[in-house]
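Colleague: Sequence first, predicted model second:
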Amino acid sequence: MALVLDEQTKGRECISTIDKPPLNEHSKLGKVFLVGAGPGDPELITLKGLRCLRQADVVVYDRLISAELLDEVPAYAERVFVGKASGHHILKQEEINALLITFAKRGNLVVRLKGGDPCVFGRGGEEALELAQAGIPFEIVPGISSAIAVPAYAGIPITSRGLSSSVTIVTGHEQSDSTSVNWEALAKVGGTLVILMGKETLSRITLYLLDGGLNPATPAAVIEQGTLPQQRVVTGTLENIAQLARTARIQSPSLVVIGPVVALSESLAWYEALIPQLMNV
């Protein structure tokens, strides 16, 4: 990971770390940092997030975390994988919460490393609440959400003057066949609709939106492995995007964007031009 691009950059990065005190003085009670790792590209982590990793005693990390970020963790630090895939969880959420509390009570600086932003469908708020109730000091280190970054890497600005002045971010993954999302109402909101974790339910979602009155010709896109060299983008309309995604065999992680801004993707596909170079590195 090219975190240091040249000697001038290296100097600035080192100064930013040296000038700041340690994140934790290792008192009897430790501290937990809920850190957003960003959407996939390891260079999209924040400076504070990277600093946390480099000082961590324990890193509790999710499934989609880049190996390059884990390389930034000190050799002495303990790495604990708690990743979740559909239908397969290494640990239940309650067990993860308990693990963070246990490590912190031992006096450790604990980094809970999550993809995207901890509080955008990342259950970071739940973990923070458990820490607060247990009397554990914690900080939330925001990360770049995939809801913003993945469309940008696909050439889709989620707002654009004259096309979209609002954004709605919603999950397409729920625990049952019923839905708590009022898709028919969202069909009338306008602007840009970003659906996280919506691959499996996309056919049903598009039907809900069509029933709500959203124009069948509304541009739509599904983006697989966004911000990574393996990124794939399928574009179409609300009416046909589910079928196009099935035909292309789109896999998780993927994200859906629906709205007029999707029409800009062909002209603004800057990352697509870089992918051949990245794949040859």
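Modeller: Nice, thanks for sending it over.

Colleague: At which residues are the strands of the stretch 51-200 of the chain located?
Modeller: 58-61, 78-81, 84-85, 88-89, 109-114, 138-141, 167-171, 192-196 (DSSP state E, counting those that start in this stretch).

Colleague: Select, out of these, the one closest to Ile223.
Modeller: Ile223 sits nearest to strand 192-196 of all these, at 10.1 Å, using Cβ to Cβ. Quick note: C-beta positions are derived from backbone N, CA and C, even for glycine.

Colleague: ok, and what's touching the closest one?
Modeller: 120-121, 146-147, 151, 158-159, 164, 166-173, 186, 202, 205, 209, 255-261 (Cβ atoms under 8 Å, 6 or more residues apart in numbering).

Colleague: Give the buried residues for it.
Modeller: In terms of neighbour count (16 or more other Cβ atoms under 10 Å), strand 192-196 has its buried residues at 192-196.

Colleague: Repeat that for stretch 106-118.
Modeller: 108-118.

Colleague: ok so, going back, and the strands of the stretch 51-200 of the chain: which comes nearest Leu268?
Modeller: Comparison of the strands of the stretch 51-200 of the chain against Leu268 by Cβ to Cβ identifies strand 192-196 as nearest, at 14.3 Å.

Colleague: Tell me who's in contact with the residue lying closest to Thr201 once chain neighbours are set aside.
Modeller: Distances taken as Cβ to Cβ, 6 or more residues apart in numbering place Gly172 nearest to Thr201, at 4.9 Å, with adjacent residues excluded. Counting by Cβ under 8 Å, 6+ apart, Gly172 makes contact with 195-202, 205, 256.

Colleague: my guess is Ser267 is in a helix, correct?
Modeller: No: Ser267: not assigned to a helix; according to DSSP: H, G, I helix; E, B strand; the rest coil it is coil.
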